[in-house]
Structure formats: C-alpha cells, structure tokens
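>>> what shape does this take:
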Amino acid sequence: MDSLLVFISDNMQMVYILILSIFVGIEVISKVPAVLHTPLMSGANAIHGVVIVGAIIVMGHAAADDFFALALGFVAVVLGTLNVVGGFVVTDRMLEMFKKRK
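Numbering: from 1, shown residues only. As a prediction, the model looks like this:
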C-alpha cells in the first residue's frame, strides 16, 4: 500500500492528466446526440483491441513475482475482450435494423 502511495505522489502530474481526461471525455460524450451515440460507441469499442494487445505486452514483460502487474494485465485483457465483443454485438444489432424483412 505504501508503494502505491509513493507511486501516486511521484507521478502526480499523470494523475492530474487522468482526472482531466475523464472530465473532458464525459463532457464530449454528453454532447453527442442520441442518434449517433450507438454507432460511435460500437466503433470505439471495437478499437479497444489495442487495449488487449497492450495488456498482453504488459503481462509478457512483468516479472513472475509481480502479481499486481499480472492481475492488472489479466483484468485489462478480460475487460478489453468484453468491450470488443460488445461493440461487435451492438454493431450487428444495428445493421439488422436496416435489413429488409422477408
């Protein structure tokens, strides 16, 4: 726990950037009309394959005894995979709305 607090205090500028980016992201997303929200989000979710690749790289470079990095990488792989699959499911459901019925 002490190492986490030391890491946060050493990297306070990155923490500020993270908090600012959260607020900017919320503000940008809230301004998107509801009609465009689903297509944009499904496309953005599909791009999260980069998160999966990054998490796999982090897990590959982590030491065998660094359980925090391994657990964080594993969680990132699982959540990134769910996000990608969810993006494709939403996109598929949207495309089904435009198909002609028999």
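
>>> show me which helix runs longest in the chain.
Longest helix of the chain, by residue count under DSSP state H: helix 67-97.

>>> quick one: name whatever helix or strand follows the least confident helix or strand in the chain by mean pLDDT.
The helix or strand of the chain with the lowest confidence, counting by mean pLDDT, DSSP states H and E, is helix 34-47 at a mean of 67. Scanning forward in sequence from helix 34-47 by DSSP states H and E, the next helix or strand is helix 49-61.

>>> next, the buried residues of stretch 54-72.
Neighbour-count burial for stretch 54-72 flags 55, 58, 59, 62 (criterion: 16 or more other Cβ atoms under 10 Å). In short, each C-beta sits where N, CA and C put it, glycine included.

>>> and the residues you listed as a markdown table, adding distance to residue 33?
Formatted as a markdown table, the buried residues of stretch 54-72 follow (distance: Cβ to Cβ, whole Å):
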| residue | distance to residue 33 |
| --- | --- |
| 55 | 32 |
| 58 | 36 |
| 59 | 39 |
| 62 | 42 |
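
>>> and which of the residues you listed is nearest residue 89?
Comparing the buried residues of stretch 54-72 against residue 89 with Cβ to Cβ places residue 55 closest, at 20.9 Å.

>>> not counting sequence-adjacent ones, nearest residue to the closest one?
residue 76 (3.5 Å; Cβ to Cβ, 6 or more residues apart in numbering).

>>> burial count for that neighbour?
Neighbour count of residue 76, defined by other Cβ atoms under 10 Å: 18.

>>> all further residue positions should be reported with the first residue as 36.
Taking 36 as the first residue, the last one we looked at is residue 111.

>>> from residue 103, how far out is it?
Distance, residue 111 to residue 103, by Cβ to Cβ, to the nearest Å: 12 Å.

>>> same question, residue 79
28 Å.

>>> any idea how far residue 82 is from residue 61?
The spacing between residue 61 and residue 82, counted by Cβ to Cβ, is 19 Å.

>>> err, residue 110, not the other one
19 Å.

>>> that'll do, ta.
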